[in-house]
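Q: starting from these lines, generate the structure:
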Amino acid sequence: TLLRIDIAASMVAFVVALLALSAPAAALAPGSTVTVIGASGNVGKLVALRLSETFKVRGVVRSAARARSFLPDSVDLIECDLRDGPTASLAKALDGAAGLVVCTGTTAFPTKAWSETGRDDVTFPVLQALFEAKGDRFQAIDLLTERGYNTPATVDETCTKTLLKSWYSSAGSNRDRLVLLSSVGVVRRDEMPYPILNACGVLTAKASAEAAIKADAEKGGYAYTFVRPGQLFGGPYDNNVYLGTLFQLDKDADERDVLLGRGDVTLNDDPQLGTLRSTLAEVIAQALETGSAQNMDFTCVNAKGAEPTVPELRERLAALG
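A: Numbering: from 1, shown residues only. Just a heads-up that it's a prediction; the model follows:
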């Protein structure tokens, strides 16, 4: 009889362990502190606004004045430049933060976004770097990086690694979840047409950032998610360094459905599908609120059709695994 009881107890413990492994991961508790990096950008401000409905949000920005007209007072704006390294202001922004959402990025090719201010012309310094590098574009980009320009190596790689070090120092064991706004093509950067997009190293830099996050998450015991949008479209339209924003290429009137696919994939056999900025904000918020899509990357694009309801979107996120 005792042997039977021991066997039964062992079976129960085994089943409980299996259920624990298959159960959805815990979501961030409402009211948790979430820091949004790049909260004055076109995507970042929407993410900060949406997350403020559930969490205590801190927005890291270069100019609080630019972001305050869009974001409510409930979002605590902290001015900080990641290019300056692990500063006191960055430590303040990350202090005790359970969640970290990284919405920073630069353009794939040299534009005003590469300048120190993000609004100055870079034609001359780019041509000068190419001349000094004798036409070698990779060496020219290295020169621009050394000179403080917002190249992909600076923004996507170096600044992300700065964030990881500062988050550890400021939040330690409180770290629960990191969401990185990445891109399609990072994993497939050697497959056409992505080598064209990666001509200046943007996908390579993002891949380096992702690898650093994976290693840090495993070491630190927190969960990560990489969200891979297609070409961004839809408002807000107050950052005209991007072509789609400049000409307000708004397709969102009839393209509101949301397609999600695990990994770096082409969805619906259509490589041209783009992603609404507002869709990204909602998907990121739902992932944090439900605890879904942890320790994975997934592609997110919009397609023709109606916007999914909240339960429908949550089901699609849960189906990612």
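
Q: rest of the way, CA atoms for contacts and neighbours
A: Will do.

Q: from the chain's centre, how far out does stretch 69-78 sit?
A: Centroid separation for stretch 69-78 versus its chain: 20 Å, with Cα atoms, centre = their mean, to the nearest Å.

Q: my read: S40 touches R58, true?
A: No: here S40 lies out of contact with R58, judged by Cα atoms under 8 Å, at a distance of 11.6 Å.

Q: quick one, helices of the stretch 151-300 of the chain?
A: All helices of the stretch 151-300 of the chain, identified by DSSP state H, counting those that start in this stretch, fall at 152, 159-171, 194-197, 202-220, 243-246, 277-290.

Q: from the centroid of this structure, which residue is nearest?
A: The geometric centre of the chain, computed from its C-alpha atoms, lies nearest to L181 (Cα atoms, centre = their mean), at 1.7 Å.

Q: please verify my assumption that that one contacts C103.
A: Yes: using Cα under 8 Å, L181 is in contact with C103, at 5.4 Å.

Q: quick one: contacts for V43?
A: Listed by Cα atoms under 8 Å, 6 or more residues apart in numbering, the contact set of V43 reads 103, 277-278, 280-281.

Q: now, which of these sits nearest A199?
A: Nearest to A199 out of those is C103 (Cα to Cα; 21.8 Å).

Q: which residues of the stretch 1-150 of the chain fall in strands?
A: 33-37, 56-61, 76-79, 99-102 (DSSP state E, counting those that start in this stretch).

Q: looking at these, which is buried most?
A: strand 33-37 (a mean of 28; mean count of other Cα atoms under 10 Å).

Q: strand partners of it, parallel vs antiparallel please.
A: Strand 33-37 pairs in its sheet with strand 56-61 (parallel), strand 99-102 (parallel), by DSSP bridges.

Q: give me the contacts around it.
A: Contacts to strand 33-37, defined as Cα under 8 Å, 6+ apart, come from residues 44, 47-48, 55-61, 93-94, 96-104.

Q: and it with helix 159-171, angle?
A: Relative orientation of strand 33-37 versus helix 159-171 (axes from the mean of the first three to the mean of the last three Cα atoms, to 10 degrees): 160 degrees.

Q: first vs last residue of stretch 84-93, how far apart are they?
A: 14 Å (Cα to Cα, to the nearest Å).

Q: can you list the buried residues in that stretch?
A: Under the neighbour-count criterion of 16 or more other Cα atoms under 10 Å, stretch 84-93 has 85-86, 90-93 buried.

Q: what do you get for stretch 300-311?
A: Neighbour-count burial for stretch 300-311 flags 300-303, 307 (criterion: 16+ other Cα under 10 Å).
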